[in-house]
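> The sequence isn't on hand, but the structure is:
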């Protein structure tokens, strides 16, 4: 049993008579990830648990159970592996592999941009993981560097934090919270990586994961995402109203891929499989290129779209209102909590507390940390059956699984994807500088005005 602070005093305590807590790895808004020893195997593992207060909120428990259920179905070398689920009266725990490394958000912030060949190798592994998820009918929904765990010794990256993942067939509309059967009608997203159609109120699809993957590639190459800066609301709006601009020195072999992944229309984006194949095609041409210098804070990385039929951009009529949410799923990659949640447009205005909080946030134009008390008042999902029974079934499912084989080092990017078929990309030059985007300056200063 945890104390009123959530986790105090659990060092050296046993979970389920098997897992001894050692040290805390990361603490997030609703829980934490701990390093623990599995006394049955001698392995050191990661254990994700909820705060005691979060464990009393049905919506957060539902999301935690859904994450464990999805992870139980997955087995891929670039996806974090779950080992066990431990149901308890007041709390539940998810036991996972412990990755000996760090998340890419921390690495890029500390060391700056990666060399193009290193960035391509990492993104190719993630593309392979996403292609696998999409074949399984699962959308991750929050692809970002903070959710990519990199083991330098192995050269492997693993996609983590499935707290926002959903099954494609089971999803219901964001603006239909009473959507009967299916998963909870709630969408959470990190503003820097959310696809424009999701900003407008649609549910994440595989194309939304690919959009985020394009931003991840940009960030690994440049040191920051293209739409960073200003308030959270500013960042969300840029996905709908702007397009990315290549900074000087970004390899011309990679820019068409980034542009394609970040296409405004989801139908124009490549599949995750096609992204992996394209990265395999260009990998050899990037071997000797150095990493870019960190971008100046004023460096131009986006340009405003011209609305109208010619550009394919129309005024956006959002079906949802986005609000920051402090009570967001924690990540074994570091517990980054910069998530926002979508609620049906109009509901915020009908909730006086939420409306007042939103007005204050917009007036401040800052970086709000959350609306846990306000969002908690919104019934984002319905209670579906007895959660204790659901947790017990889930625990039995994990217990019934045979011990998985040792993970093998995945092959190089060139063999991650199936052969054959079109890469969905035109032939590109093997050298030369990135072309200037239409409507932008072809020379001179590239600073924001």
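Looks like it arrived, so ask away. In this text, all values refer to a predicted model and were calculated from it rather than measured experimentally.

> Averaging pLDDT per element, find the lowest-scoring helix or strand in this protein.
For the chain, the helix or strand with the lowest mean confidence is helix 372-375, at a mean of 30 (criterion: mean pLDDT, DSSP states H and E).

> Neighbours of residue 287, how many?
Per other CB atoms under 10 Å, the neighbour tally for residue 287 reads 10. From N, CA and C alone the C-beta is placed, and that goes for glycine too.

> Correction: the previous question concerned residue 100.
12.

> With adjacent residues omitted, what lies nearest to it?
residue 151 (5.5 Å; CB to CB, 6 or more residues apart in numbering).

> Next, give phi and psi for that neighbour.
Backbone torsions for residue 151, taken as degrees, to the nearest 10, come to phi -100, psi 100.

> check contacts around it.
When contacts are counted by CB atoms under 8 Å, 6 or more residues apart in numbering, residue 151 touches 99-101, 157-158.

> Now that we have those, which of them are buried?
For the contacts of residue 151, a neighbour count by 16 or more other CB atoms under 10 Å gives the buried set as 99, 101, 157-158.

> Specify which member of these is nearest to residue 233.
Distances from those to residue 233 were compared by CB to CB; the smallest belongs to residue 157, at 31.1 Å.

> where exactly do the strands run in the stretch 51-200 of the chain?
When assigned using DSSP state E, counting those that start in this stretch, the strands of the stretch 51-200 of the chain occupy the ranges 82-87, 92-97, 102-103, 138-139, 148-151, 156-159, 166-167, 187-189.

> With mean pLDDT added, can I get those in CSV?
Compiled in CSV, the strands of the stretch 51-200 of the chain are given as follows (pLDDT from 0 to 100):
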stretch, mean pLDDT
strand 82-87, 91
strand 92-97, 92
strand 102-103, 92
strand 138-139, 96
strand 148-151, 94
strand 156-159, 96
strand 166-167, 89
strand 187-189, 79
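
> could I get those as CSV with distance to residue 39?
As requested, these are arranged in CSV below (distance: least, CB to CB, whole Å):
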stretch, distance to residue 39
strand 82-87, 13
strand 92-97, 12
strand 102-103, 27
strand 138-139, 32
strand 148-151, 24
strand 156-159, 24
strand 166-167, 34
strand 187-189, 35
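
> so which of those gets nearest residue 218?
strand 148-151 (14.0 Å).

> what lines up beside that closest one in the sheet?
According to DSSP bridges, strand 148-151 forms sheet pairs with strand 102-103 (antiparallel), strand 156-159 (antiparallel).

> Out of those strands, the one nearest residue 111 is which?
In this view, those are compared for proximity to residue 111 by CB to CB, and strand 102-103 is the closest at 10.5 Å.

> can you list the weak-confidence ranges in the chain?
When the per-residue scores of the chain are filtered using pLDDT under 70, the ranges that remain are 1-12, 29, 89-90, 169-186, 307-390, 401-449.

> let's go with 80 and repeat that
1-12, 27-30, 51-60, 88-91, 169-188, 306-449 (pLDDT under 80).

> Show me what the longest helix along it is packed against.
Longest helix in the chain by number of residues (criterion: DSSP state H): helix 116-135. Here helix 116-135 touches strand 148-151, strand 156-159, helix 206-222, helix 272-282, helix 413-416, going by 3 or more CB pairs under 8 Å, 6 or more residues apart in numbering; DSSP states H and E.

> Can you lay out these as a markdown table showing distance to residue 25?
Conversion of these to a markdown table gives the following (distance: least, CB to CB, whole Å):
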| stretch | distance to residue 25 |
| --- | --- |
| strand 148-151 | 11 |
| strand 156-159 | 14 |
| helix 206-222 | 22 |
| helix 272-282 | 28 |
| helix 413-416 | 28 |
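
> Between these, which one is closest to residue 118.
helix 206-222 (7.9 Å).

> tilt between that closest one and helix 116-135?
Using axes from the mean of the first three to the mean of the last three CA atoms, to 10 degrees, the inter-axis angle of helix 206-222 relative to helix 116-135 is 170 degrees.

> Could I get the buried residue list for the helix or strand following helix 206-222?
With elements assigned by DSSP states H and E, the helix or strand that comes after helix 206-222 is helix 232-241. With burial defined by 16+ other CB under 10 Å, the residues of helix 232-241 counted as buried are 232-233, 235-241.

> Please consider this matter closed, and thank you.
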